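Here is my input; please provide its structure:
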Amino acid sequence: MKNNFDIFFRRKPALMLVSLKRNTRMRYGSILAKEVDCTYSHAVKILQTLESLRLVVFEKRGRIKVIKLTKKGKEVADAIDDINELVR
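Below you'll find the predicted structure:
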């Protein structure tokens, strides 16, 4: 049976946004994929969608693309966290 959180959100994208909000250290695709328990290629697809929605941006640092929340992304992540707290 799904938990209440799963009723309202697609789990992996929502968890990615919340994870980016909660962790202030440098984040990149492979670490994020491990945190939300999905493959790297699936994480990249999700991140590309989040980027097209202007929720995340990529910053190139050497060979690594660091992922950061935009202001809009932080607002969405905050809202997801708030809803998660309400349905617990």
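
Then R27 would be within a strand, right?
No. R27 is assigned coil when assessed by DSSP: H, G, I helix; E, B strand; the rest coil, not a strand.

burial measure for it, as a count.
19 (other CB atoms under 10 Å). (Each C-beta comes from the backbone N, C-alpha and C, glycine too.)

Grab the nearest non-local neighbour of it.
The shortest distance from R27 to any non-neighbouring residue, by CB to CB, 6 or more residues apart in numbering, is to I67 (4.9 Å).

so what's the one you found bridging to?
F58 (DSSP bridges).

correct me, but it touches K60?
No. I67 is beyond contact range of K60, at 11.2 Å (criterion: CB atoms under 8 Å).

which one of these two has more residues nearby?
A direct count of neighbours by other CB under 10 Å for I67 and K60 places I67 higher, at 23 against 8.

any idea how far F9 is from the more buried one?
According to CB to CB, to the nearest Å, I67 and F9 sit 19 Å apart.

related to what we said a few turns ago, show me what contacts the residue nearest to R27?
L20, R27, Y28, G29, L32, L47, V56, V57, F58 (CB atoms under 8 Å, 6 or more residues apart in numbering).

these two touch, right, E59 and L69?
No. Using CB under 8 Å, E59 is not in contact with L69, being 11.7 Å away.

out of these two, which sits in the more crowded spot?
Taking neighbours as other CB under 10 Å, E59 and L69 compare with L69 leading, 20 against 11.
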